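Visitor: From the sequence below, what's the structure:
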Amino acid sequence: MKAKHGVAPYMRNGTGGKIFNVFLYVFMAAFMFVMIYPFWNQLIISLNEGTDTMMGGLYFWPRKWTLQNYEYMFTRGNLARGVVNTFLRVGVGTATCVFCSGLLAYVTTVRGFSGRRLIRVLFIATMYFSGGMIPYYLLIVNLGLTNTFTVYWLPNLVDAFYMLLIASYIYGLPESLTESARIDGAGDFRIYFRIILPLCKPVIAAVCIMVAVKHWNSWFDVIIYNPRGNWDTLQVILRRILLEREAASRLANDQQIMEAMRRLTTNSIRAATTMIVTIPIICVYPFFQKYFISGITIGAVKE
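Guide: Residues are numbered from 1 along each chain as shown. Alright, predicted model coming up:
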């Protein structure tokens, strides 16, 4: 039966529609619980006394409240410097990557440029083929980028995936906009910054989220290209603190260490570490959610 006013038959107020709505609400509530509960469980473990956590039975609420896990994290290992380095990396890395990837995306969409397809193919090839970790490491060393902040953003100026995403969105814009601007005497830079870029706000916001999360979670490249530790990020410092705590828990013969840390366990420190790393991203994501969704869906158009 054909639906009226664009409403599906199962969404009407009949018995079948009500049953479907109840099933949908129950399913979504169960799905939301499955997604949220692991994060909530880590939160209550981080707020509970470590020795009490080892007894188990923590499900929805801490038994013995304490902030000692967070005090231990924030009083060790140059955490403030790691936070500053991380925010610098996220800010500079995101801005440069989005700027350069956006410019390249626009170049590959200029229909009057004969080399746009070749450029796109060359960058797509980098998504499937690479020289490997060792040649890449030797290149970074020969360029003198080790133990510098530049190694965090310069090798990531252009990303082929983000370039394709932005280019797909630009292809969906009316071609008459750029044609009329060219007739009025506007150059490519003016067209991009005055016309294309403002219209690409959804996909730019989506790419900003993905690039920022990528830089925020990166830690392996910090260990490899920053051996002196001058530019350690938050993730590396938290990892180091967690490893120190695990090593200290194995020293059962050292009574001073065990006495000072008797209320801390590896699980409670790991939970606190998870909260410190995750909460900033969770706080930022809701502000960009609508741009993220529209940028991904609208940008998925064919050439």
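Visitor: From here on, just use CA atoms for contacts and neighbour counts.
Guide: Will do.
Visitor: Residue ranges in the stretch 51-200 of the chain under the pLDDT threshold?
Guide: Scanning the stretch 51-200 of the chain for pLDDT under 70 picks out 76-77.
Visitor: the helices in it, which residues?
Guide: With DSSP state H, counting those that start in this stretch as the criterion, the stretch 51-200 of the chain has helices at 68-74, 79-107, 116-125, 133-142, 160-171, 175-183, 188-191, 197-199.
Visitor: Can you check which of those gets nearest to Thr273?
Guide: helix 68-74 (7.7 Å; CA to CA).
Visitor: ok, Phe161 - contacts?
Guide: Taking CA atoms under 8 Å, 6 or more residues apart in numbering, we find Phe161 in contact with Ile124, Met127.
Visitor: Could you measure from it over to Trp216?
Guide: Look at Phe161 and Trp216: by CA to CA, to the nearest Å, they are 18 Å apart.
Visitor: just Glu49 next, same as before
Guide: In terms of CA to CA, Glu49 sits 29 Å off from Trp216.
Visitor: quick revisit: how about TSV for the helices of the stretch 51-200 of the chain, with distance to Met275 added?
Guide: Below are these laid out as TSV (distance: least, CA to CA, whole Å):
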stretch	distance to Met275
helix 68-74	10
helix 79-107	14
helix 116-125	36
helix 133-142	31
helix 160-171	28
helix 175-183	46
helix 188-191	43
helix 197-199	35
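Visitor: Check those for me and report the most buried one.
Guide: Comparing the helices of the stretch 51-200 of the chain by mean neighbour count (mean count of other CA atoms under 10 Å), helix 160-171 ranks first with a mean of 23.
Visitor: mind exporting it as PDB, just the C-alpha atoms?
Guide: Output of helix 160-171 as PDB, limited to C-alpha atoms (Å, rounded to 0.1, in the frame of the first residue of the first chain):
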ATOM      1  CA  ALA A 160      45.400  11.500  -0.700                       C
ATOM      2  CA  PHE A 161      42.200  10.300   1.000                       C
ATOM      3  CA  TYR A 162      41.300  13.700   2.300                       C
ATOM      4  CA  MET A 163      42.100  15.200  -1.100                       C
ATOM      5  CA  LEU A 164      39.700  12.800  -2.800                       C
ATOM      6  CA  LEU A 165      37.000  13.500  -0.200                       C
ATOM      7  CA  ILE A 166      37.200  17.300  -0.700                       C
ATOM      8  CA  ALA A 167      37.500  16.900  -4.500                       C
ATOM      9  CA  SER A 168      34.300  14.700  -4.600                       C
ATOM     10  CA  TYR A 169      32.400  17.500  -2.700                       C
ATOM     11  CA  ILE A 170      33.700  20.200  -5.000                       C
ATOM     12  CA  TYR A 171      32.600  18.200  -8.000                       C
END
